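have a look at this fold, sequence not included:
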Ligand code: GUN
């Protein structure tokens with residue numbers, strides 16, 4: 001049975017559309033001021049279907065806001081030296097302001113060595129140690145797009161953070177750790193939980209703002225959510241078993257119908273209906289954090305383009321302004 005959803009939905013699709021139109025205006029202002037449209041190069045190694053889809057969406061989004069996009073698709077058996085040479089070429093290319101190497105990379109490649117080779121001024125993923133350090137030191141740099149997107153969603157939907165207890169579940173380099181740094185910078189009190197955390201539900205119940213980023217379908221349930229908490233679900237998982245779909249989405253005609261048509265449905269790390277019965281506000285999956293990741297990558301690429309041309313003309317209210 002579906003619980004009556006009491007929570008407000010945090011609409012990431014709407015916030016992402018707002019940010020994308022601001023980026024488009026920023027690109028137009030940059031070119032009107034005599035600048036060059038920023039350029040993003042996306043490097044895809046191998047042919048993992050999910051990575052291919054993500055890179056395709058990023059490239060399309062770039063073009064839609066008037067930026068240059070270049071996708072380099074390289075073979076799965078690529079050598080470390082060849083990928084390093086590709087990064088070196090992009091670092092030296094004056095038309096390219098942002099470089100992203102889609103992760104994960106095939107096993108034979110040393111991911112850290114590649115990420116550390118990207119020019120920090122073009123590192124629009126924010127994964128280079130220099131940018132990671134700048135984030136923790138409150139210095140300007142590039143912030144990973146997904147946690148930056150969560151912060152924009154909270155800011156633009158009026159969620160207060162100062163003095164609040166934020167609990168982050170997951171300690172990945174891409175989401176959990178930068179998320180903690182960003183929440184701390186907004187004066188939240190931050191707890192980071194992980195696979196060894198004892199009594200996870202009790203820790204999560206102390207959260208005013210709960211961010212789930214672990215990659216485990218529906219693991220955050222009603223017992224993790226205090227009444228009135230704000231729940232942000234960063235997870236994107238696929239359910240293919242009917243039994244799982246019926247357990248998480250009993251009575252949810254939309255999800256059940258989608259499963260009948262496609263044989264799979266998306267679910268976050270949060271059991272949405274269970275958590276929404278307690279939460280004051282919650283992000284859906286899809287349509288929550290997901291759309292913000294690409295929007296913030298565009299923001300970072302615009303920032304890189306401006307900085308590299310010495311034309312930092314952000315308008316008020318824009319992310320990064
Ligand atoms: N793989 C999963 N998330 C990301 C991301 O934000 N950037 C890159 N480059 N690869 C990813």
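Thanks, I have it. What you see is a predicted model; the values in this text were computed from it and never measured.

mind checking how far the residue nearest the centre of the chain is from residue 257?
By C-alpha atoms, centre = their mean, the chain has its centre lying nearest to residue 146, at 1.8 Å. Distance, residue 146 to residue 257, using C-beta to C-beta, to the nearest Å: 29 Å. Every C-beta, even on glycine, is put in place using the N, C-alpha and C of the backbone.

could you do residue 143 as well?
Taking C-beta to C-beta, one finds residue 143 at 38 Å from residue 257.

these two: who's more crowded?
Taking neighbours as other C-beta atoms under 10 Å, residue 143 and residue 257 compare with residue 143 leading, 27 against 11.

near the ligand, which residues of the protein are found?
100, 101, 102, 103, 125, 145, 146, 174 (C-beta under 6 Å from any ligand atom).

can you pick out the most distant pair from those?
Using C-beta to C-beta, the two most remote members of these are 101 and 146, lying 15.9 Å apart.

list the contacts of the closest residue to the ligand within the stretch 1-150 of the chain.
Here the residue of the stretch 1-150 of the chain nearest the ligand is residue 103; by C-beta to the nearest ligand atom that distance is 3.7 Å. Neighbouring residues of residue 103 by C-beta atoms under 8 Å, 6 or more residues apart in numbering: 111, 174.

A strand includes it, no?
No. The assignment for residue 103, made by DSSP: H, G, I helix; E, B strand; the rest coil, is coil rather than a strand.

what pLDDT does it get?
Looking at residue 103, its pLDDT reads 97.

next, it: phi, psi?
Backbone geometry at residue 103, expressed as degrees, to the nearest 10, gives phi -100, psi 150.

which residues sit in contact with the closest residue to residue 33 other than its chain neighbours?
Nearest residue to residue 33 in three dimensions, chain neighbours excluded: residue 311, at 5.9 Å (C-beta to C-beta, 6 or more residues apart in numbering). If you count contacts by C-beta under 8 Å, 6+ apart, residue 311 has them with 30, 33, 35.

quick one: the last one and residue 309 touch, right?
Spelled out, it's residue 35. Yes. If you go by C-beta atoms under 8 Å, residue 35 and residue 309 touch, sitting 5.0 Å apart.

any chance of a PyMOL selection covering the buried ones in the residues of the chain next to the ligand?
In PyMOL, this line selects whichever of the residues of the chain next to the ligand come out buried by 16 or more other C-beta atoms under 10 Å:
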select buried, resi 100+101+102+125+145+146+174
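
which one of the residues of the chain next to the ligand sits closest to residue 86?
residue 101 (8.8 Å).

ok, now how distant is residue 200 from residue 207?
For residue 200, the distance to residue 207 - C-beta to C-beta - is 11 Å.

neighbour-wise, which of these two wins?
residue 207 (24 against 19).

nearest residue to the more buried one other than its sequence neighbours?
Residue 207 sits nearest to residue 167 (C-beta to C-beta, 6+ apart), 3.7 Å away.

quick check: pLDDT value at the one you found.
At residue 167, pLDDT is 99.

number of nearby residues for it?
27.

what do you get for the one 5 residues further on?
Using other C-beta under 10 Å as the criterion, residue 172 is surrounded by 17 other residues.

verify the stated contact: it with residue 213.
Yes. With contact defined as C-beta under 8 Å, residue 172 reaches residue 213; the gap is 6.6 Å.

how about residues contacting stretch 168-185?
103, 126-127, 132, 135-136, 138, 143-144, 146-148, 150-151, 161, 166, 190-194, 200, 204, 209-215, 220, 234, 269.

now with 6 Å, please.
For stretch 168-185, contacts defined as C-beta atoms under 6 Å, 6 or more residues apart in numbering pick out 135-136, 144, 146-147, 151, 166, 190, 192-194, 211-214, 234.
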